[in-house]
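Asks: Test case, fold it:
(one chain, ligands or ions: 1)
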Amino acid sequence: MRCRFCSKTIHTTLIDLGNTAVSNAFLKDDHLNHAEVTYPLKVLVCDNCFLVQVDEFQKSEEIFTEEYVYFSSVSAGWLKHSKAYVEKVTERFKLNKNSLVTEIASNDGYLLQYFKEKNIPCLGIEPTYSTAQLSIAKGIENVIEFFGEDLATRLSKEGKQSDLILGNNVLAHVPGLNDFVRGLKILLKPSGVMTFEFPHLIKLIEKKEFDTIYHEHFSYFSFYFICKLFRFHGFEIFDVEQLETHGGSLRVFIKHKENENIKIENAVDALLNEELKFGVNKIEFYKGFQEKAIDIKNKFLLYIIGEKQKGKKIIGFGAAAKGNTFLNYCGLKSDTIECIVDDTPIKQGKYLPQSHIPVVSRDYFNTNKPDIIVILPWNFKAEIIEKLSFTKEWGAKLVTYIPELEVN
Ligand SMILES: [Zn+2]
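Replies: Below you'll find the model as predicted:
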């Protein structure tokens, strides 16, 4: 394939996770008898610009359909993170009732609601109808479309150039990166700033978080690449923060290159130099990742199958996309992991794609006392262990597997 950023032909594979279904496409009863579409989940690295990317087998219109279920507001931890962000940027960038904040992939309004509380005008851009409706119900103006140069031009003509544009976990979902960033150049006011949060590729590799790879993600970013991308389109990164979210994320702060009123913080060069020391600009850095994934898979399977043989009752908790990548890579089905308990009502009563493990509500615990609970969204591990503390009454074991097998 050709690189999504620089168009050079790509030769190097980071990891091949085999053929898998789209992670968030939960199945209903009547889907179970139908054939299921799977796509190769293979991540490549461009040896010219070092963008880590998957081949675009599917158009994003096919992925983010009504079957796509991800509601940001379900996680209390994520809401807290978002509220703290709003407080911080409102003060730092002096946002007020005359500003406009635009969030791309605003989901159910989980974040913009806090700007609204402060009477700061905001606009959500969210292509998934069902999530956008929840945001609209919160009184937030929404555009139900994919973002790119076309939409940015239209919004800009309507006087919607923004003082702050933000996007959390959206860059990775964008198939046409260059079109997306060109759109940002149009939509951001000359004095405006942008922030983007995304899982940090270096952490993904270092902490062996291969299960955060799924079809919905087209790219995985180092800070090195992000700097290159935004510079190419006439922007400049003026600050960066390292966050704990999603197993290690970055929050980058961006301005127009022409805007000289904002100072470049030392954190930018510091992180860039740190990454260069790791070797992000050399192809060797990206080799050996597959072997690490195989090791995690094998150790987990040995443990789970051993416990199953002893007659233990095993379930999962949290029907997150990363859980699907992992379960499918391990080839596990409901004969090993009986069901997944999840608090999201829209997922309950459905089945995980490919593994067909049923998703049930927490009522499951009223009549069942599982011996082992595998926590699939390990990024919310602390929150989930607390939620499940009542299962200690009957001695349930709580298991995570990234970066290594841990039984609590
Ligand atoms: Zn490239």
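Asks: Around the residue in the stretch 201-350 of the chain positioned nearest to the ion, how many other residues sit close by?
Replies: As assessed by Cβ to the ion, the ion sits closest to Phe225 within the stretch 201-350 of the chain, at 8.8 Å. Placement of C-beta: from N, CA and C, glycine included. Residues lying near Phe225 (other Cβ atoms under 10 Å) number 23.
Asks: Wait, it touches Phe50, no?
Replies: Yes: with the criterion set as Cβ atoms under 8 Å, Phe225 and Phe50 qualify as a contacting pair; they are 5.8 Å apart.
Asks: Could you tell me which residues touch both of the two?
Replies: Val280 (Cβ atoms under 8 Å, 6 or more residues apart in numbering).
Asks: follow-up on the earlier one: against Ile202, how distant is the residue of the stretch 201-350 of the chain closest to the ion?
Replies: Distance check for Phe225 against Ile202: by Cβ to Cβ, to the nearest Å, it reads 11 Å.
Asks: what do these two both touch?
Replies: Both Phe225 and Ile202 are in contact with Val280, where contact means Cβ under 8 Å, 6+ apart.
Asks: Just the strands from the stretch 1-150 of the chain, written as ranges.
Replies: Using DSSP state E, counting those that start in this stretch, the strands of the stretch 1-150 of the chain run over 12-20, 39-45, 52-54, 101-104, 122-125, 141-143.
Asks: Contacts only, for Pro353.
Replies: 21-27, 36, 324.
Asks: Looks to me like it is in a helix.
Replies: No: counting by DSSP: H, G, I helix; E, B strand; the rest coil, Pro353 is not part of a helix but coil.
Asks: measure it to Leu271 for me?
Replies: Distance of Pro353 to Leu271, computed by Cβ to Cβ: 36 Å.
Asks: With Tyr364 instead?
Replies: With the distance defined as Cβ to Cβ, Tyr364 ends up 44 Å from Leu271.
Asks: With Leu95 instead?
Replies: Note on Leu95: its distance to Leu271, by Cβ to Cβ, is 26 Å.
Asks: repeat for Phe238
Replies: Spatial separation of Phe238 from Leu271 under the definition Cβ to Cβ is 13 Å.
Asks: The ion contacts on the stretch 51-200 of the chain?
Replies: By Cβ under 5 Å from the ion, the part of the stretch 51-200 of the chain that sits against the ion consists of Leu51.
Asks: pLDDT at whichever residue of the stretch 51-200 of the chain sits closest to the ion, what is it?
Replies: With Cβ to the ion as the measure, Leu51 is the residue of the stretch 51-200 of the chain nearest to the ion, at 4.9 Å. Leu51 is assigned a predicted lDDT (pLDDT) of 97.
Asks: And for it, the neighbour number?
Replies: The tally of other residues near Leu51 (other Cβ under 10 Å) stands at 25.
Asks: Correct me if wrong: it contacts Cys6.
Replies: Yes: the pair Leu51 and Cys6 passes the contact test of Cβ under 8 Å, sitting 7.4 Å apart.
Asks: gap between the two ends of stretch 206-222?
Replies: Using Cα to Cα, to the nearest Å, the end-to-end distance of stretch 206-222 comes out at 12 Å.
Asks: Just the buried positions in that stretch, please.
Replies: In terms of neighbour count (16 or more other Cβ atoms under 10 Å), stretch 206-222 has its buried residues at 207-222.
Asks: From the domain annotation, what segments belong to each domain of this structure?
Replies: Using automatic domain parsing, the domain ranges for the chain come out as 72-286, 290-407.
Asks: For Asp55, find the nearest of these.
Replies: Asp55 sits nearest to domain 72-286 of all the domains of the chain, at 9.0 Å, using Cβ to Cβ.
Asks: pLDDT of the closest one, averaged?
Replies: Over the span of domain 72-286, the pLDDT mean works out to 94.
Asks: burial of the nearest residue to Gly124 once chain neighbours are set aside, as a residue count?
Replies: Among residues not flanking Gly124 along the chain, Ser106 sits closest, at 3.1 Å (Cβ to Cβ, 6 or more residues apart in numbering). For Ser106, the neighbour count with other Cβ under 10 Å is 29.
Asks: of Tyr364 and Leu271, who's got more company?
Replies: Set side by side, Tyr364 and Leu271 show unequal neighbour counts under other Cβ under 10 Å, the larger going to Leu271 at 22 against 18.
Asks: does that one sit in a helix or strand, and which one?
Replies: Mapping Leu271 onto the secondary structure by DSSP states H and E places it in helix 266-278.
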